[in-house]
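*Asks:* After the sequence you'll find the predicted model.
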Amino acid sequence: MKKDKKNSFNTPEGYFEGFHDRLMDKINQEEIEEISVLIPESDGFVVPDDYFETLSEKLTVKLAKTQSGKVIQLKPYKKFFYAAAAVAAVILLIFVPTWKSDTPIAFEDLASTEIETYLNSSALDMSSYEIAEVISLESLELNDVLESELEEQNILDYLNENVEDIEELNLDYSEYE
Amino acid sequence: MITEETLVKELKQQETQARAFEVLVDAYKERLYWHIRRIVLDHDDADDVLQNTFIKVYRNIEGFKGESKLFSWMYRIATNESLTFLKQKSKKLGLSDDELKNSMVENLQSDVYFEGDAIQLKLQKAMATLPDKQKLVFTMKYFQEMKYEDISEVLDTSVGGLKASYHLAVKKIEAYLKED
């Protein structure tokens, strides 16, 4: 028994000599237990060999393919023309009555081609996403954004020429049964 | 090392575009891939979404105004593309969002590009129970080790809100992992 000269308490033989090792064992044990109930550090996903090395090449091919496959220009900016025309109409309705003129100009006097020309020549820095945000989809018909009327036959012809895999169309066959 | 500003400038110019795009892809492919992969889980799906993301970046670079960092902008596109992809997939398969998430995790067990053990699989199951936003914050912080300020720019959420989401996500995942 090891005695402390200043008090009467005793410690087992070798208690302090082995203290550090016992403490470290306990810390390690607690860490192991904690890790097992906590979130793993990695999530176990892997990628095929050379995936990242060949990505640029694949992308270049895909870009070239999609660029050459761009057949129909749906004129996405046209959607904005309609919204802008509506805004212009409201502004005109507000300001027209205050104009002192014998022959007041009505919105109808403004040819739609003039509006289009104005919008074409003005810098409209809007992406198709921004345009989509201001126009509700419900108020638009497909034919609104096309220059000529889209006939069913045109659609069938286009699909016939351009679609390689009919599965891509995600057709709901039950509708046709 | 090319600066972000120079890279954007070169991407907008016809004559330097192709080379700059290669630099862009090399610089961001891995980070974007892992971000997408952790949302869609399957490698082939992640590959599709990653390629579409880069194509979108290439096509829309003109519209990039530099109000946010290029990388935040790209992450935002990648996040939107991934979530849209999952929406389309659930529609195509006729599944609800939750059913799709569960089937995606189930498929991991036979996925050759998933080498996770039982705990890692359970982690995926736990993450599938989280709302989309919480899951995004968790993966971006925990696995991608992004700063809250950067996540904030990508997800358009305050740093305080993100910290709360992360904390909640960790608590939920821990609780799930402790279950038998």
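*Replies:* Good, I have the coordinates.
*Asks:* rest of the way, CA atoms for contacts and neighbours
*Replies:* Fine.
*Asks:* which stretches of chain B form helices?
*Replies:* Ranges of helices within chain B are B:4-12, B:14-40, B:43-60, B:70-93, B:97-108, B:118-128, B:132-138, B:148-155, B:159-178, based on DSSP state H.
*Asks:* ugh, wrong one, I meant chain A
*Replies:* A:19-37, A:51-68, A:77-95, A:112-121, A:128-134, A:152-162.
*Asks:* Return the residues in contact with whichever residue of chain B sits closest to chain A.
*Replies:* Proximity of chain B to chain A (CA to the nearest CA) peaks at B:Gly116, 3.9 Å away. Applying CA atoms under 8 Å, 6 or more residues apart in numbering or on different chains to B:Gly116 gives the contacts A:43-45.
*Asks:* Against A:Val46, how distant is it?
*Replies:* Going from B:Gly116 to A:Val46 by CA to CA, to the nearest Å gives 9 Å.
*Asks:* got it, and B:Asn102?
*Replies:* For B:Asn102, the distance to A:Val46 equals 20 Å [CA to CA].
*Asks:* ok, for whichever residue of chain A sits closest to chain B, nearest residue in space, not its chain neighbours?
*Replies:* As assessed by CA to the nearest CA, chain B sits closest to A:Gly44 within chain A, at 3.9 Å. Nearest non-adjacent residue to A:Gly44, counting by CA to CA, 6 or more residues apart in numbering or on different chains: B:Gly116, 3.9 Å away.
*Asks:* Walk me through the domains of chain B.
*Replies:* Domains of chain B are assigned by automatic domain parsing as B:1-112, B:116-180.
*Asks:* how about those, which one is nearest A:Leu23?
*Replies:* Checking the domains of chain B against A:Leu23 by CA to CA gives domain B:116-180 as the closest, at 26.4 Å.
*Asks:* Just give the number of residues close to B:His43.
*Replies:* Neighbour count of B:His43, defined by other CA atoms under 10 Å in any protein chain shown: 22.
*Asks:* Then B:Met104?
*Replies:* Neighbour count of B:Met104, defined by other CA under 10 Å: 17.
*Asks:* Could you double-check that it sits in contact with B:Leu41?
*Replies:* Yes: using CA atoms under 8 Å, B:Met104 is in contact with B:Leu41, at 7.0 Å.
*Asks:* Looking at the residue of chain A closest to chain B now. What's its pLDDT?
*Replies:* As predicted, A:Gly44 sits at a pLDDT of 90.
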